[in-house]
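Q: Structure, please.
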Amino acid sequence: MIILASEDIFLYQCNDKFLPNREAISELIKSIAAVPGMEFIQPAHAALAPVVCDPEMIEEIGPVLREKSYWITNGTRHSSVEVGMETGSIRLMKKYMPRKMLPFKPEEWHDVVTKAIEIMNENYIWPLATLIVGLPEETEKDTVKVVNSHPENRKYGLPTVMATIILIDPRTGAPKAIMGGTWITALRTGAAGAIATKYLANPNPKTVGFVGAGTQARTQLMGLQIVFKTIEEVRVWT
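A: Below you'll find the predicted structure:
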């Protein structure tokens, strides 16, 4: 086994704007895999922002890492790598790690995390996310929500998007509550969509259309029915 001990394998030979060098990374991974007798390749650590910057990079190296991976879970071979989620608090990210998500902004951290994990999962790279607890000025409001996307969960009768909410005592770092966040996430997204529609759509709409009939469609409709009392028809394309 070769362990790629790097603080961020996805920024190998990147430029000064922290944009990933797809060609260099692909060549590195493929050249290591081509070494005679090479059985396993294990990346040690990676950042999430480069994944969102260049999803095609992950599409190129994903199959190679999967083929050379040691890990098999529930009969599925997949690769894995440690990623630093650090905290779910935008406020703390802006204060202590404002450059971690470059070239994105700290305000985009939630979207970077969820999108990166989705892209990695789709390419059979299952990340192991680490969190930092007890940061200075951390409060109970800095609750951590871990969201993962697992497209193959349908085979097990589970939602494809799973979430866990962790409430951490900022004084001790001890978890005070751990709860399922999947339904809370769905409701929150439905509510956000309803608020946006309230200000962007025509007033008093009678017809609502959805592309897809999954969980998000249901919670979006729940939110819209609260905001608009005029809805008479729902159309769904799936």
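Q: Do I have it right that R22 meets E59?
A: No. In this structure, R22 is not within contact of E59 by C-beta atoms under 8 Å, at 9.8 Å. The C-beta positions use only the backbone N, C-alpha and C, and glycine is treated the same way.
Q: When the two are compared, which one has more neighbours?
A: R22 (19 against 13; other C-beta atoms under 10 Å).
Q: Find me the pLDDT at that one, would you?
A: With respect to pLDDT, R22 has a value of 92.
Q: Repeat that for P170.
A: 63.
Q: Can you show me the strands along this structure?
A: 2-4, 41-43, 45-46, 72-73, 76-77, 79-86, 125-131, 144-149, 161-168, 175-180, 207-211, 233-237 (DSSP state E).
Q: can you tell me which of those the model trusts least?
A: Minimum mean pLDDT among those: strand 144-149, a mean of 67.
Q: Let's test this: name the helix or strand in this structure with the lowest mean pLDDT.
A: strand 144-149 (a mean of 67; mean pLDDT, DSSP states H and E).
Q: domain parsing for the chain?
A: 2-134, 186-237 (automatic domain parsing).
Q: Let me know which of those domains is tucked in deepest.
A: Stretch with highest mean neighbour count among the domains of the chain: domain 2-134 (a mean of 17; mean count of other C-beta atoms under 10 Å).
Q: Include distance to G190 when you put the strands of the chain into JSON lines, please.
A: JSON lines is the format used below for these (distance: least, C-beta to C-beta, whole Å):
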{"stretch": "strand 2-4", "distance to G190": "41"}
{"stretch": "strand 41-43", "distance to G190": "36"}
{"stretch": "strand 45-46", "distance to G190": "32"}
{"stretch": "strand 72-73", "distance to G190": "31"}
{"stretch": "strand 76-77", "distance to G190": "31"}
{"stretch": "strand 79-86", "distance to G190": "24"}
{"stretch": "strand 125-131", "distance to G190": "25"}
{"stretch": "strand 144-149", "distance to G190": "15"}
{"stretch": "strand 161-168", "distance to G190": "13"}
{"stretch": "strand 175-180", "distance to G190": "17"}
{"stretch": "strand 207-211", "distance to G190": "11"}
{"stretch": "strand 233-237", "distance to G190": "14"}
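Q: Ok, which of the ones you listed comes nearest E118?
A: Nearest to E118, of all the strands of the chain, is strand 144-149, at 4.0 Å by C-beta to C-beta.
Q: May I have the phi/psi pair for the closest residue to H78 other than its chain neighbours?
A: Leaving aside its sequence neighbours, H78 sits nearest to Y124 (C-beta to C-beta, 6 or more residues apart in numbering; 4.3 Å). Phi and psi for Y124, reported as degrees, to the nearest 10, are phi 60, psi 40.
Q: Pass me the low-pLDDT residue ranges in the chain, would you?
A: Residues of the chain that meet the criterion pLDDT under 70 lie in 140-148, 170-171, 173.
Q: which stretches of it form helices?
A: 22-33, 49-53, 55-67, 90-96, 109-122, 182-200, 215-227 (DSSP state H).
Q: Redo those as TSV? Include distance to V133.
A: What follows is these, written out as TSV (distance: least, C-beta to C-beta, whole Å):
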stretch	distance to V133
helix 22-33	31
helix 49-53	22
helix 55-67	29
helix 90-96	11
helix 109-122	17
helix 182-200	21
helix 215-227	30
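Q: can you tell which of these is closest to P136?
A: helix 90-96 (7.8 Å).
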